[in-house]
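Engineer: requesting a structural model of the entry that follows:
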Amino acid sequence: SGGLYFLDAPGGKTFLISLILATIRSRKNIALAIASSGIAATLLDGGRTAHSALKLPLNMQITETPTCNINKNSRMGKVLQSCQLIIWDECTMAHKKALEALHRTLKDFRGNEQLFGGALILLSGDFRQTLPVIQRSTSADELNACLKSSVLWRHVQHLTLKTNMRVQLQHDASAERFAKQLLDIGNGNMAIDESTQCITLPTNFCKITATTDDLIHKVFPNITQNYKNHQWLSARAILAAKNNDVNAINFSIQKEIPGEATTYKSIDTVMNQDEVVNYPTEFLNSLDLPGIPPHVLTLKIGVPISLLRNINPPRLCNGTRLSVKKMMNNIIEATILNGKFKGEDVLLPRIPMIPTDMPFEFKRLQFPVRLAFAMTINKAQGQSLQVCGLNLENPCFTHGQLYVACSRVGKPSDLFVYTPDGKTKNIVYSKALQ
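Structural biologist: I've put the predicted structure just below:
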């Protein structure tokens, strides 16, 4: 009979969602699995990112009443008309207008004025994690964009899971304490030093390292021998809040990997020919934007890379980690490291990419990948790791980042943190948790 449900859980959602999807599909019914982040989508059977599956507009903030760019008679249109259930994982990262766009589209496709056209929607997530990313914004902008500010939120029925399964499955003596400390960080209950506005990380919560190099060697020990082992490589990563720190760590680790480095340079062009004079090629080459590969991409055989675009979902989604197997002039052969298609070899071409948030339009032709020894905290949301390093040289700057970073692992002995004086900022917007 339809309805809108929200599954609130601190770890363990993926297992339950996979079970629900399998049950409905085993009865020959259609269940659609979408997720806000690429990594969360790769963990679900047949999962796609919401933007890719629902054809949502990229500049959601600007459009007043966005809709899904899907034709009623297309294949996806038919799926939306007949599916029994739509599951949206990591929904707390989604803009409220994305959910409203789905609501409008389903009402139209199903010819039904009820909520979501009478379809059953299961949202799942954890509001202690990161909220929608809005560039150059204040906390008020982020709260205004989050699902709790949506007109649809009052129709939501809440379901709660209490146990953090990522921690529980470790069967570790410290599991209960670790789960509680994580929730204290997520809920903003850690004691804050008034003068610095920082919290002190408890000594039994993680292993503090002295320097960035020390952090790298703890997370990637003996990397020159171990980097060829895909199992070992896929289970560990270093997280940082900002892209600059991530890039610096990636470059320094790649230097330690033996072998010849191959450099690929992008071809950058301005879309509007009248603007060519204002934006010389050298200027375009100098731009290093989030979500777009660098102009100079340097790789070695065996290094982990992360995909920046949906090339062939659900096999190759934004956020999929791969290991470089062979490099040719116009193609990179790589092996998928995680998700449902682990171990498969794929070929990656150069593709044209146009950034959306620039004052002018330009196109970069490059392999849609970046190094992935380290990644940003926002990119890692939804991923389980066996060993996680955390570089807090530049502290977290928005709601939920510290909680997301620390909760990637199941026990304190697998969490290594580099932070000056063992203190760091933990930003929590209490309004997002109410």
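Engineer: mind listing what's buried along the helix or strand hosting residue 247?
Structural biologist: Element membership for residue 247, per DSSP states H and E: helix 243-256. For helix 243-256, the buried set under the neighbour-count rule, 16 or more other Cβ atoms under 10 Å, comprises 243, 245-250, 253-254. C-betas here are computed from N, CA, C, even on glycine.
Engineer: same check, this time on stretch 12-26
Structural biologist: Here stretch 12-26 shows 12-14, 16-18, 20-21, 24-25 as buried, counting by 16+ other Cβ under 10 Å.
Engineer: kindly report the same for stretch 67-87.
Structural biologist: Buried residues in stretch 67-87 (16+ other Cβ under 10 Å): 67-68, 70, 76-77, 80-81, 83, 85-87.
Engineer: and for it, what's in contact with it?
Structural biologist: Applying Cβ atoms under 8 Å, 6 or more residues apart in numbering, the external contacts of stretch 67-87 come out as 17, 20-21, 24, 29-34, 44, 53-57, 101-102, 104-106, 108-110, 116, 119-122, 124.
Engineer: ditto for stretch 171-188
Structural biologist: Contacts for stretch 171-188 (Cβ under 8 Å, 6+ apart): 10, 126, 128-129, 163-164, 167-168, 189-190, 199, 202, 204-205, 400, 402-403, 406-407, 410-413, 426, 428, 430, 433.
Engineer: what do you get for stretch 344-354?
Structural biologist: 264, 271, 292-293, 307-309, 311-312, 315-316, 322, 325, 330-336, 361-369.
Engineer: what's near enough to touch residue 35?
Structural biologist: Counted by Cβ under 8 Å, 6+ apart, residue 35 has contacts 41, 43-44, 47-50, 88-90, 382.
Engineer: ok, 7 Å please
Structural biologist: 41, 44, 47, 49-50, 89-90 (Cβ atoms under 7 Å, 6 or more residues apart in numbering).
Engineer: roughly how far does it sit from residue 127?
Structural biologist: Distance, residue 35 to residue 127, by Cβ to Cβ, to the nearest Å: 16 Å.
Engineer: contacting residues around the residue nearest the centre of the chain?
Structural biologist: Centroid-nearest residue in the chain: residue 379, 3.4 Å away (criterion: Cα atoms, centre = their mean). By Cβ under 7 Å, 6+ apart, residue 379 lies in contact with residue 319.
Engineer: check which residues of the helix or strand of the chain with the lowest mean pLDDT are buried.
Structural biologist: In the chain, no helix or strand scores lower on mean pLDDT, DSSP states H and E than helix 165-168, which sits at a mean of 75. When burial is assessed from 16+ other Cβ under 10 Å, helix 165-168 yields the following buried residues: 165-167.
Engineer: show me what it is packed up against.
Structural biologist: Packing partners of helix 165-168 (3 or more Cβ pairs under 7 Å, 6 or more residues apart in numbering; DSSP states H and E): helix 175-187.
Engineer: for the record, mean pLDDT for the helix or strand just after the helix it packs on?
Structural biologist: Note on helix 175-187: by DSSP H and E, the next helix or strand toward the C-terminus is strand 192-193. In this model, strand 192-193 carries a mean pLDDT of 92.
Engineer: list the strands paired with strand 192-193, with their directions.
Structural biologist: strand 198-200 (antiparallel) (DSSP bridges).
Engineer: residues in contact with the partner strand?
Structural biologist: By Cβ under 7 Å, 6+ apart, strand 198-200 touches 190-192, 422-426.
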